[in-house]
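Participant: Structure of the sequence below:
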Amino acid sequence: MRRQIFLFLFVFILPGMVISPAGAATPEAEAQGKVAADLLADGKCPMALAAAEKAIDLDPASGTPWNTRGSALHCLGRNEEALESFVIALDLDPDLTIAEQNYDHVNADLLKGAPLYTPPVDIPVIRNSSIAYDGELGYTSPGVPTGSWALQKDGHAVFFHNGRTITLTGVRIAGCRYGKGGGQVRIEIWDRNFTVLSSDTIPYDQVPLPAVDDEAACLETSSWVDTGLPGHDVNGDFYLVLFTGSGPASQKEPGIDIVYGTPTDAKTSFLVSTSPNRIAAKKIGSAGYRAEEIDWMIRVLYTEPHSPAAGTTPAPEAPAEGRTVSSPGMVPDGELPVEEPLQSPAPGPAGIAASLAVAVSWSVFRK
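Facilitator: Sure, this is the predicted structure:
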């Protein structure tokens, strides 16, 4: 049924984007509407929803972006909200027959037993009490868990802003394990210039992710788990890189999937390659996300230096308050040249992709 809705979106909505009931749509609103439609057609439903809501802000009198919003909500299993969006689309533009067709399709799904609302995947946290830490570093964004991805040769990498000296004592990752047999995870810390600061090799059985028989079930069964590090001092910004050496799930080889979330504007999650160390330009997931479009669900656990008085027991200091900072670029100054990521045909005027931006904060999570 969703495939039919996407087809209607292309056949009817895009030609109808030129004129709205209030008059001619602005070029920016028209381009933003096309961005939303293209994302939806690619299966990037959370991003399509954010883009459609931006198009609504730009042209609130048009029914077309409301119809796109309804299709994105239906894709995400939020059927009650989808129906409301289609009703608003028809109120604004009674001649928008695609919105009426989409309303009928969602209604038919509900009559067949589809839920009114499917909540986002809730990933539980399984903490390792043997790992000492004062806080947790990670990005917060309005994104939701969207999928998972395994890598055989390349690495999952997250760039962390850090303005002080801390000791990394562990890694917290969300994902799952699949296949038979063992394997090893290599956890590396790189500086801004991709120089390796530390490298630890850990057997799969020390990364207590839930096991799945079918890799497709990873997202629904994944957990956040903690894996200890021997303690590495870091001063300044750094990359945390995971090389999981995952084999093809289709051949029953062992591997680890890391969960990712969308949408995001952090631009701090990457695929990386070695020899030389660099950012890799490859697509992620069945929908073909670019790395800058997703957030790897990878965080680091750390302790801070304590200065106890003589003869006293050190007391953990409270982590610094969360702060909002600018997102780092793909290539910090002075780093190796980076191959440009694969690009889809431009959806509209330059800068349209930037209009998808959502607020992203760099946070220190307290224990």
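
Participant: any idea how far residue 127 is from residue 253?
Facilitator: Going from residue 127 to residue 253 by C-beta to C-beta, to the nearest Å gives 29 Å. C-beta: built from backbone N, CA, C; applies to glycine.

Participant: How about residue 44?
Facilitator: 28 Å.

Participant: Repeat that for residue 91.
Facilitator: 54 Å.

Participant: between the two, who's got more neighbours?
Facilitator: residue 253 (17 against 13; other C-beta atoms under 10 Å).

Participant: ok, now which ones touch the residue lying closest to that one once chain neighbours are set aside?
Facilitator: Nearest-residue entry for residue 253: residue 247, 2.5 Å, with adjacent residues in sequence omitted and distances by C-beta to C-beta, 6 or more residues apart in numbering. Residue 247 makes contact with 152, 179, 183, 253, 254, 255, according to C-beta atoms under 8 Å, 6 or more residues apart in numbering.

Participant: Need the buried ones from those residues selected in ChimeraX.
Facilitator: The buried residues among the contacts of residue 247 can be selected in ChimeraX (16 or more other C-beta atoms under 10 Å) with this line:
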select :179,183,253,254,255
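
Participant: so which of the contacts of residue 247 comes closest to residue 273?
Facilitator: In terms of C-beta to C-beta, no member of those lies closer to residue 273 than residue 152, at 11.5 Å.

Participant: Can you read off the pLDDT for residue 119?
Facilitator: pLDDT, residue 119: 84.

Participant: What of residue 56?
Facilitator: At residue 56, pLDDT is 95.

Participant: SS state for the spatially closest residue to residue 236 that is not a sequence neighbour?
Facilitator: Nearest residue to residue 236, sequence neighbours excluded (C-beta to C-beta, 6+ apart): residue 162, at 6.1 Å. Here residue 162 is coil, with the state taken from DSSP: H, G, I helix; E, B strand; the rest coil.

Participant: ok, so what distance separates residue 190 from residue 137?
Facilitator: From residue 190 to residue 137 the distance is 15 Å (C-beta to C-beta).

Participant: so how far is stretch 189-205 from its chain's centroid?
Facilitator: Between the centre of stretch 189-205 and the centre of its host chain there is 22 Å, according to C-alpha atoms, centre = their mean, to the nearest Å.

Participant: Could you check that stretch and say which residues are buried?
Facilitator: Applying 16+ other C-beta under 10 Å to stretch 189-205 flags 189, 190, 191, 192, 194, 198, 202, 204 as buried.

Participant: Equivalent analysis for stretch 98-106, please.
Facilitator: 98, 99, 100, 101, 102, 103, 105, 106.

Participant: and the fifth one, helix, strand or coil?
Facilitator: So that's residue 102. Secondary structure, three-state DSSP: residue 102 is helix.

Participant: Can you report how many residues lie near the closest residue to residue 300 other than its chain neighbours?
Facilitator: Leaving aside its sequence neighbours, residue 300 sits nearest to residue 137 (C-beta to C-beta, 6+ apart; 4.9 Å). A count of nearby residues for residue 137, using other C-beta under 10 Å, gives 22.

Participant: right, and the helix or strand after the helix or strand encompassing residue 137?
Facilitator: Assigned by DSSP states H and E, residue 137 belongs to strand 135-140. Moving toward the C-terminus from strand 135-140, the next helix or strand (DSSP H and E) is strand 144-149.

Participant: Residues in contact with stretch 203-210: which ones?
Facilitator: So stretch 203-210 is contacted by 126, 128, 173, 175-177, 182-185, 221-223, 225, 227, 254, 256 (C-beta under 8 Å, 6+ apart).

Participant: just to revisit the earlier point, pLDDT value on the residue nearest to residue 236, please?
Facilitator: pLDDT, residue 162: 93.

Participant: Enumerate every residue touching it.
Facilitator: Contacts for residue 162 were tallied using C-beta under 8 Å, 6+ apart; they are 137, 234, 235, 236, 237, 238.

Participant: Bridged to the third one, which residues?
Facilitator: Think residue 235. Here residue 235 sits in beta bridges with residue 165, going by DSSP bridges.

Participant: Mind listing what's buried along stretch 233-253?
Facilitator: 234, 238-247, 249, 253.

Participant: The residues you listed in strands, which ones?
Facilitator: 234, 238, 239, 240, 241, 242, 243 (DSSP state E).

Participant: Save those residues as a markdown table, and put in distance to residue 260 too.
Facilitator: Conversion of those to a markdown table gives the following (distance: C-beta to C-beta, whole Å):
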| residue | distance to residue 260 |
| --- | --- |
| 234 | 24 |
| 238 | 20 |
| 239 | 16 |
| 240 | 15 |
| 241 | 15 |
| 242 | 13 |
| 243 | 17 |
